[in-house]
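A.B. asks: Sequence and predicted structure below; questions after.
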Protein chains: 2
Amino acid sequence: MSQDGPGIDLETSLGYLLKEASSALRAAMDAVLRPLGMTVTHYSCLELLAQRPGLSNSELARGAFVTRQSMNVLLQALERDGYVTRPAEAPVGKVLPTRLTPRGRRSLATATAAVRSVEVRMLSGMTQAQQSAAFTALQSMIGSLKDQDARG
Amino acid sequence: MSQDGPGIDLETSLGYLLKEASSALRAAMDAVLRPLGMTVTHYSCLELLAQRPGLSNSELARGAFVTRQSMNVLLQALERDGYVTRPAEAPVGKVLPTRLTPRGRRSLATATAAVRSVEVRMLSGMTQAQQSAAFTALQSMIGSLKDQDARG
DNA sequence: TGACTCATGTCAGCATTCTGACATAAATTG
DNA sequence: CAATTTATGTCAGAATGCTGACATGAGTCA
(Lines give C-alpha, C1' and ligand atoms only; values in the text may rest on other atoms or scores of the structure.)
Protein backbone atom coordinates (compact mmCIF):
# COMPACT_ATOMS: atom_id res chain seq x y z
CA MET A 1 0.00 0.00 0.00
CA SER A 2 2.96 2.37 -0.42
CA GLN A 3 3.11 2.96 3.29
CA ASP A 4 5.72 5.03 5.13
CA GLY A 5 8.64 3.74 3.13
CA PRO A 6 10.39 6.46 1.18
CA GLY A 7 8.16 9.46 1.64
CA ILE A 8 4.87 10.58 3.15
CA ASP A 9 1.91 9.39 1.15
CA LEU A 10 0.03 12.58 0.44
CA GLU A 11 -3.08 10.64 -0.55
CA THR A 12 -3.50 9.28 2.97
CA SER A 13 -1.86 12.03 5.01
CA LEU A 14 -4.13 13.77 7.50
CA GLY A 15 -1.77 16.73 7.48
CA TYR A 16 -2.10 17.19 3.75
CA LEU A 17 -5.85 16.78 3.93
CA LEU A 18 -5.97 19.37 6.68
CA LYS A 19 -4.10 21.82 4.51
CA GLU A 20 -6.34 21.08 1.56
CA ALA A 21 -9.50 21.63 3.58
CA SER A 22 -8.19 24.84 5.08
CA SER A 23 -7.17 26.10 1.66
CA ALA A 24 -10.57 25.29 0.20
CA LEU A 25 -12.32 27.01 3.08
CA ARG A 26 -10.23 30.12 2.72
CA ALA A 27 -10.85 30.24 -1.01
CA ALA A 28 -14.59 29.90 -0.48
CA MET A 29 -14.62 32.62 2.17
CA ASP A 30 -12.55 34.89 -0.04
CA ALA A 31 -15.02 34.38 -2.85
CA VAL A 32 -18.05 35.46 -0.82
CA LEU A 33 -16.25 38.27 1.02
CA ARG A 34 -14.67 39.84 -2.05
CA PRO A 35 -17.94 41.36 -3.33
CA LEU A 36 -18.23 42.98 0.09
CA GLY A 37 -14.75 44.46 -0.19
CA MET A 38 -13.47 42.40 2.68
CA THR A 39 -10.64 39.96 3.23
CA VAL A 40 -10.72 36.98 5.55
CA THR A 41 -8.40 38.61 8.07
CA HIS A 42 -10.50 41.74 7.90
CA TYR A 43 -13.63 39.76 8.69
CA SER A 44 -11.94 37.71 11.40
CA CYS A 45 -10.90 40.87 13.19
CA LEU A 46 -14.45 42.25 13.19
CA GLU A 47 -15.95 38.95 14.32
CA LEU A 48 -13.47 38.68 17.18
CA LEU A 49 -14.32 42.20 18.31
CA ALA A 50 -18.04 41.51 18.21
CA GLN A 51 -17.66 38.56 20.55
CA ARG A 52 -15.01 39.99 22.81
CA PRO A 53 -15.16 43.80 22.79
CA GLY A 54 -12.06 45.58 23.97
CA LEU A 55 -9.57 43.09 22.63
CA SER A 56 -6.05 44.45 22.16
CA ASN A 57 -4.01 44.46 18.98
CA SER A 58 -1.92 41.49 20.11
CA GLU A 59 -4.93 39.48 21.17
CA LEU A 60 -6.62 40.12 17.84
CA ALA A 61 -3.46 39.06 16.03
CA ARG A 62 -3.39 35.72 17.84
CA GLY A 63 -7.07 35.19 17.19
CA ALA A 64 -6.72 35.86 13.49
CA PHE A 65 -3.46 33.90 13.13
CA VAL A 66 -1.30 36.77 11.97
CA THR A 67 1.49 38.75 13.60
CA ARG A 68 0.98 41.82 15.79
CA GLN A 69 2.55 43.90 13.05
CA SER A 70 0.13 42.74 10.39
CA MET A 71 -2.87 43.25 12.64
CA ASN A 72 -1.60 46.70 13.50
CA VAL A 73 -1.68 47.93 9.90
CA LEU A 74 -5.13 46.39 9.47
CA LEU A 75 -6.41 48.13 12.60
CA GLN A 76 -5.05 51.46 11.41
CA ALA A 77 -6.98 51.05 8.17
CA LEU A 78 -10.14 49.95 9.97
CA GLU A 79 -9.88 52.89 12.33
CA ARG A 80 -9.26 55.31 9.49
CA ASP A 81 -12.36 54.03 7.70
CA GLY A 82 -14.49 54.20 10.82
CA TYR A 83 -15.10 50.52 11.51
CA VAL A 84 -13.39 50.45 14.89
CA THR A 85 -12.21 52.89 17.52
CA ARG A 86 -9.20 52.91 19.78
CA PRO A 87 -8.43 55.34 22.55
CA ALA A 88 -5.59 57.74 21.80
CA GLU A 89 -3.91 56.78 25.05
CA ALA A 90 -3.85 53.48 26.89
CA PRO A 91 -6.14 53.56 29.95
CA VAL A 92 -3.77 51.11 31.62
CA GLY A 93 -0.36 49.88 30.52
CA LYS A 94 0.24 49.95 26.80
CA VAL A 95 -2.82 47.96 25.81
CA LEU A 96 -5.21 49.81 23.51
CA PRO A 97 -8.66 48.20 23.76
CA THR A 98 -10.44 48.18 20.41
CA ARG A 99 -14.19 48.39 19.86
CA LEU A 100 -16.55 48.17 16.92
CA THR A 101 -18.38 51.27 15.76
CA PRO A 102 -22.01 51.05 14.60
CA ARG A 103 -20.67 51.11 11.06
CA GLY A 104 -18.34 48.24 11.88
CA ARG A 105 -21.24 46.29 13.34
CA ARG A 106 -23.34 46.81 10.23
CA SER A 107 -20.49 45.77 7.98
CA LEU A 108 -19.93 42.66 10.05
CA ALA A 109 -23.60 41.68 9.87
CA THR A 110 -23.59 41.24 6.10
CA ALA A 111 -20.20 39.52 6.18
CA THR A 112 -21.39 37.08 8.84
CA ALA A 113 -24.32 36.05 6.70
CA ALA A 114 -22.01 35.35 3.78
CA VAL A 115 -19.55 33.38 5.87
CA ARG A 116 -22.31 31.39 7.51
CA SER A 117 -23.54 30.25 4.13
CA VAL A 118 -20.08 28.90 3.40
CA GLU A 119 -19.89 27.07 6.69
CA VAL A 120 -23.33 25.60 6.17
CA ARG A 121 -22.31 24.30 2.77
CA MET A 122 -19.12 22.87 4.21
CA LEU A 123 -21.10 20.89 6.76
CA SER A 124 -23.90 19.95 4.38
CA GLY A 125 -22.61 16.48 3.64
CA MET A 126 -21.84 15.55 7.23
CA THR A 127 -24.01 14.01 9.91
CA GLN A 128 -24.16 15.55 13.36
CA ALA A 129 -22.04 12.68 14.65
CA GLN A 130 -19.42 13.29 11.97
CA GLN A 131 -19.29 16.95 12.89
CA SER A 132 -18.77 16.12 16.53
CA ALA A 133 -16.05 13.63 15.66
CA ALA A 134 -14.30 16.17 13.49
CA PHE A 135 -14.52 18.76 16.24
CA THR A 136 -12.93 16.43 18.77
CA ALA A 137 -10.27 15.29 16.36
CA LEU A 138 -9.24 18.82 15.42
CA GLN A 139 -9.03 19.83 19.05
CA SER A 140 -6.81 16.86 19.73
CA MET A 141 -4.48 17.75 16.86
CA ILE A 142 -4.25 21.35 18.00
CA GLY A 143 -3.45 20.28 21.54
CA SER A 144 -0.67 17.95 20.46
CA LEU A 145 0.89 20.46 18.11
CA LYS A 146 0.79 23.30 20.62
CA ASP A 147 2.33 21.03 23.23
CA GLN A 148 5.27 20.53 20.98
CA ASP A 149 5.68 24.24 20.61
CA ALA A 150 5.79 24.72 24.36
CA ARG A 151 8.42 22.01 24.80
CA GLY A 152 10.57 23.16 21.92
CA MET B 1 -24.93 28.05 24.17
CA SER B 2 -24.93 31.44 22.40
CA GLN B 3 -25.96 29.79 19.17
CA ASP B 4 -26.19 31.41 15.75
CA GLY B 5 -27.80 34.60 16.88
CA PRO B 6 -25.73 37.67 16.10
CA GLY B 7 -22.45 36.24 14.88
CA ILE B 8 -20.62 32.99 14.40
CA ASP B 9 -19.49 31.47 17.66
CA LEU B 10 -15.78 30.99 17.12
CA GLU B 11 -15.57 28.65 20.10
CA THR B 12 -17.79 26.09 18.40
CA SER B 13 -17.07 26.81 14.74
CA LEU B 14 -15.57 23.95 12.77
CA GLY B 15 -14.23 26.44 10.26
CA TYR B 16 -12.33 28.35 12.90
CA LEU B 17 -11.01 25.14 14.40
CA LEU B 18 -9.91 24.03 10.97
CA LYS B 19 -7.97 27.24 10.51
CA GLU B 20 -6.44 26.91 13.96
CA ALA B 21 -5.32 23.34 13.34
CA SER B 22 -3.89 24.19 9.96
CA SER B 23 -2.04 27.16 11.41
CA ALA B 24 -0.60 25.07 14.22
CA LEU B 25 0.49 22.38 11.79
CA ARG B 26 2.18 24.88 9.53
CA ALA B 27 3.99 26.47 12.47
CA ALA B 28 5.19 23.09 13.66
CA MET B 29 6.40 22.13 10.20
CA ASP B 30 8.13 25.48 9.80
CA ALA B 31 9.91 24.94 13.09
CA VAL B 32 11.38 21.58 12.12
CA LEU B 33 12.15 22.57 8.52
CA ARG B 34 13.83 25.87 9.33
CA PRO B 35 17.04 24.24 10.66
CA LEU B 36 17.22 22.41 7.32
CA GLY B 37 16.94 25.67 5.42
CA MET B 38 13.59 24.72 3.95
CA THR B 39 10.13 26.21 3.86
CA VAL B 40 6.88 24.26 3.84
CA THR B 41 6.18 25.07 0.18
CA HIS B 42 9.74 24.10 -0.66
CA TYR B 43 9.29 20.74 1.03
CA SER B 44 5.84 20.19 -0.48
CA CYS B 45 7.25 20.69 -3.95
CA LEU B 46 9.99 18.09 -3.41
CA GLU B 47 7.58 15.59 -1.86
CA LEU B 48 5.17 15.96 -4.76
CA LEU B 49 7.97 15.37 -7.25
CA ALA B 50 9.14 12.27 -5.41
CA GLN B 51 5.70 10.70 -5.65
CA ARG B 52 4.81 11.88 -9.13
CA PRO B 53 7.96 12.54 -11.15
CA GLY B 54 7.55 14.76 -14.17
CA LEU B 55 4.89 17.02 -12.72
CA SER B 56 4.56 20.40 -14.43
CA ASN B 57 4.80 23.80 -12.82
CA SER B 58 1.04 24.27 -12.79
CA GLU B 59 0.39 20.84 -11.32
CA LEU B 60 2.94 21.43 -8.59
CA ALA B 61 1.30 24.76 -7.81
CA ARG B 62 -2.10 23.15 -7.34
CA GLY B 63 -0.60 20.42 -5.20
CA ALA B 64 1.18 22.89 -2.94
CA PHE B 65 -1.76 25.31 -2.79
CA VAL B 66 0.00 28.29 -4.31
CA THR B 67 -0.30 30.07 -7.65
CA ARG B 68 1.59 29.07 -10.78
CA GLN B 69 3.59 32.26 -10.49
CA SER B 70 4.77 31.52 -6.96
CA MET B 71 5.69 27.97 -7.83
CA ASN B 72 7.55 29.22 -10.86
CA VAL B 73 9.92 31.39 -8.83
CA LEU B 74 10.43 28.52 -6.38
CA LEU B 75 11.25 26.12 -9.21
CA GLN B 76 13.75 28.56 -10.66
CA ALA B 77 15.54 28.70 -7.32
CA LEU B 78 15.42 24.93 -6.87
CA GLU B 79 16.80 24.43 -10.36
CA ARG B 80 19.54 26.99 -9.81
CA ASP B 81 20.59 25.20 -6.62
CA GLY B 82 20.53 21.79 -8.24
CA TYR B 83 17.57 20.17 -6.49
CA VAL B 84 15.47 19.68 -9.61
CA THR B 85 15.92 19.68 -13.36
CA ARG B 86 13.69 20.88 -16.16
CA PRO B 87 14.28 20.47 -19.88
CA ALA B 88 15.17 23.67 -21.69
CA GLU B 89 12.39 23.04 -24.17
CA ALA B 90 9.04 21.38 -23.75
CA PRO B 91 9.02 17.87 -25.22
CA VAL B 92 5.34 18.35 -25.96
CA GLY B 93 3.21 21.46 -25.78
CA LYS B 94 4.36 24.03 -23.25
CA VAL B 95 4.54 21.70 -20.25
CA LEU B 96 7.99 21.42 -18.70
CA PRO B 97 8.16 18.16 -16.71
CA THR B 98 10.23 18.58 -13.55
CA ARG B 99 12.33 15.88 -11.88
CA LEU B 100 14.32 15.56 -8.69
CA THR B 101 18.10 15.34 -8.88
CA PRO B 102 20.01 12.99 -6.53
CA ARG B 103 20.75 16.04 -4.43
CA GLY B 104 17.08 16.88 -4.30
CA ARG B 105 16.30 13.35 -3.25
CA ARG B 106 18.84 13.46 -0.42
CA SER B 107 17.53 16.81 0.77
CA LEU B 108 14.00 15.48 0.75
CA ALA B 109 14.94 12.41 2.78
CA THR B 110 16.00 14.42 5.83
CA ALA B 111 13.03 16.76 5.47
CA THR B 112 10.60 13.87 5.29
CA ALA B 113 11.92 12.46 8.55
CA ALA B 114 11.39 15.81 10.25
CA VAL B 115 7.89 16.25 8.87
CA ARG B 116 6.93 12.71 9.77
CA SER B 117 7.84 13.38 13.40
CA VAL B 118 5.44 16.31 13.39
CA GLU B 119 2.63 14.27 11.90
CA VAL B 120 3.22 11.46 14.39
CA ARG B 121 2.97 13.94 17.25
CA MET B 122 -0.17 15.44 15.78
CA LEU B 123 -1.83 12.03 15.74
CA SER B 124 -0.41 10.91 19.08
CA GLY B 125 -3.53 11.70 21.07
CA MET B 126 -5.98 10.12 18.63
CA THR B 127 -7.24 6.59 18.31
CA GLN B 128 -7.23 4.86 14.96
CA ALA B 129 -11.00 5.28 14.82
CA GLN B 130 -10.69 9.00 15.46
CA GLN B 131 -8.13 9.34 12.71
CA SER B 132 -10.42 7.55 10.27
CA ALA B 133 -13.32 9.74 11.28
CA ALA B 134 -11.26 12.88 10.82
CA PHE B 135 -10.11 11.67 7.42
CA THR B 136 -13.65 11.09 6.24
CA ALA B 137 -14.87 14.36 7.67
CA LEU B 138 -12.14 16.42 6.02
CA GLN B 139 -12.79 14.77 2.68
CA SER B 140 -16.45 15.60 3.00
CA MET B 141 -15.70 19.25 3.76
CA ILE B 142 -13.33 19.52 0.82
CA GLY B 143 -15.88 17.99 -1.51
CA SER B 144 -18.63 20.37 -0.47
CA LEU B 145 -16.42 23.45 -0.70
CA LYS B 146 -15.02 22.52 -4.10
CA ASP B 147 -18.54 21.88 -5.34
CA GLN B 148 -19.44 25.43 -4.49
CA ASP B 149 -16.46 26.69 -6.44
CA ALA B 150 -17.53 24.78 -9.51
CA ARG B 151 -21.06 26.11 -9.32
CA GLY B 152 -20.00 29.70 -8.67
C1' DT C 1 13.41 48.99 46.28
C1' DG C 2 15.99 47.48 42.11
C1' DA C 3 16.98 44.13 38.55
C1' DC C 4 15.07 41.04 35.53
C1' DT C 5 11.75 39.06 32.53
C1' DC C 6 7.81 39.37 29.73
C1' DA C 7 4.23 41.49 26.83
C1' DT C 8 2.70 45.29 24.14
C1' DG C 9 2.56 48.90 20.34
C1' DT C 10 4.99 50.55 16.64
C1' DC C 11 8.49 51.60 12.97
C1' DA C 12 11.44 50.20 9.03
C1' DG C 13 13.10 46.89 5.66
C1' DC C 14 12.61 42.54 3.38
C1' DA C 15 10.51 38.38 1.51
C1' DT C 16 6.90 36.03 -0.30
C1' DT C 17 2.79 35.67 -2.64
C1' DC C 18 -0.72 37.42 -5.43
C1' DT C 19 -3.06 40.05 -9.41
C1' DG C 20 -2.82 41.41 -14.10
C1' DA C 21 -1.23 40.57 -18.53
C1' DC C 22 0.70 38.34 -22.63
C1' DA C 23 2.08 34.73 -26.01
C1' DT C 24 1.63 30.13 -27.14
C1' DA C 25 -0.05 25.29 -27.49
C1' DA C 26 -3.61 21.84 -26.80
C1' DA C 27 -8.41 20.65 -26.67
C1' DT C 28 -13.07 21.57 -27.90
C1' DT C 29 -16.74 22.88 -30.75
C1' DG C 30 -19.37 24.23 -34.64
C1' DC D 1 -11.25 22.72 -41.06
C1' DA D 2 -11.60 27.18 -38.57
C1' DA D 3 -12.83 29.42 -34.34
C1' DT D 4 -13.30 29.33 -29.62
C1' DT D 5 -12.07 27.86 -25.23
C1' DT D 6 -8.93 26.16 -21.98
C1' DA D 7 -4.41 25.55 -19.99
C1' DT D 8 0.41 26.57 -19.62
C1' DG D 9 4.84 29.27 -18.72
C1' DT D 10 6.46 33.63 -17.79
C1' DC D 11 7.16 38.65 -16.92
C1' DA D 12 6.22 42.98 -14.26
C1' DG D 13 4.05 45.59 -10.58
C1' DA D 14 1.42 45.71 -6.30
C1' DA D 15 -0.16 44.02 -2.06
C1' DT D 16 0.34 41.53 1.88
C1' DG D 17 2.66 39.46 5.65
C1' DC D 18 6.83 38.62 8.17
C1' DT D 19 11.49 39.41 10.63
C1' DG D 20 14.20 42.49 13.23
C1' DA D 21 14.40 46.14 16.33
C1' DC D 22 13.22 49.60 19.78
C1' DA D 23 10.94 51.93 23.76
C1' DT D 24 7.67 51.44 27.28
C1' DG D 25 4.77 49.49 30.95
C1' DA D 26 3.55 45.45 34.06
C1' DG D 27 4.71 41.56 36.69
C1' DT D 28 8.21 38.76 39.33
C1' DC D 29 11.73 37.89 42.50
C1' DA D 30 15.61 38.59 45.45
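C.D. replies: Arrived safely, thanks for sending. Bear in mind the structure is a predicted one, so any value in this text is a computation, not a measurement. Numbering: from 1, shown residues only, chains lettered A, B, ... in the order given.
A.B. asks: pretty sure residue A:43 contacts residue A:29?
C.D. replies: Yes. Look at residue A:43 against residue A:29 with C-beta atoms under 8 Å: they come within range, at 7.5 Å. Where C-beta positions appear, they are placed from N, C-alpha and C, glycine not excepted.
A.B. asks: anything in contact with each of these two?
C.D. replies: Residues touching both residue A:43 and residue A:29 by C-beta atoms under 8 Å, 6 or more residues apart in numbering or on different chains: residue A:115.
A.B. asks: Spatially central, which residue of chain A would that be?
C.D. replies: Centroid-nearest residue in chain A: residue A:64, 4.5 Å away (criterion: C-alpha atoms, centre = their mean).
A.B. asks: Tell me if I'm right that it and residue A:46 touch.
C.D. replies: No. Contact criterion C-beta under 8 Å: residue A:64 and residue A:46 do not qualify, at 10.0 Å.
A.B. asks: Contact residues of chain A facing DNA strand D?
C.D. replies: A:39, A:41, A:65-67, A:69-70, A:73-74, A:90, A:92-94 (C-beta under 7 Å from any atom of the strand).
A.B. asks: So how do I select the buried members of those residues in ChimeraX?
C.D. replies: Filtering those down to the buried ones (16 or more other C-beta atoms under 10 Å in any protein chain shown) takes a single ChimeraX command:
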select /A:41,65,66,74
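A.B. asks: show me which of the residues of chain A next to DNA strand D neighbour chain B.
C.D. replies: Among those, the residues within reach of chain B (C-beta under 8 Å from any C-beta of the partner chain) are residue A:65.
A.B. asks: Make CSV out of the residues of chain A next to DNA strand D and add pLDDT and secondary structure.
C.D. replies: Formatted as CSV, the residues of chain A next to DNA strand D follow (pLDDT from 0 to 100; DSSP: H, G, I helix; E, B strand; the rest coil):
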residue, pLDDT, secondary structure
A:39, 94, coil
A:41, 96, helix
A:65, 96, coil
A:66, 97, coil
A:67, 96, coil
A:69, 96, helix
A:70, 97, helix
A:73, 96, helix
A:74, 96, helix
A:90, 71, coil
A:92, 80, strand
A:93, 82, coil
A:94, 82, coil
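A.B. asks: how about the residues of chain A next to DNA strand D, which pair is most distant?
C.D. replies: Based on C-beta to C-beta, the longest span within the residues of chain A next to DNA strand D runs between A:39 and A:92 and measures 31.2 Å.
A.B. asks: Do you know the pLDDT at the closest residue to the residue nearest to the centre of chain A other than its chain neighbours?
C.D. replies: In space, and not counting its chain neighbours, residue A:64 is closest to residue A:44: 4.2 Å by C-beta to C-beta, 6 or more residues apart in numbering or on different chains. Residue A:44 is assigned a pLDDT of 96 by the prediction.
A.B. asks: Could you check which helix or strand contains residue A:44?
C.D. replies: Taking DSSP states H and E as the criterion, residue A:44 maps to helix A:40-51.
A.B. asks: who touches that helix?
C.D. replies: By C-beta under 8 Å, 6+ apart, helix A:40-51 touches A:26, A:29-30, A:33, A:55, A:60, A:63-66, A:70-71, A:74-75, A:78, A:83-84, A:98-100, A:104-105, A:107-108, A:111-112, A:115, B:6-10.
A.B. asks: Selection in PyMOL covering whichever of the residues you listed are buried, please.
C.D. replies: The following PyMOL line selects those of the contacts of helix A:40-51 that are buried, judged by 16+ other C-beta under 10 Å:
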select buried, (chain A and resi 26+29+33+55+60+63+64+65+66+71+74+75+78+83+84+98+100+104+105+107+108+111+112+115) or (chain B and resi 7+8+10)
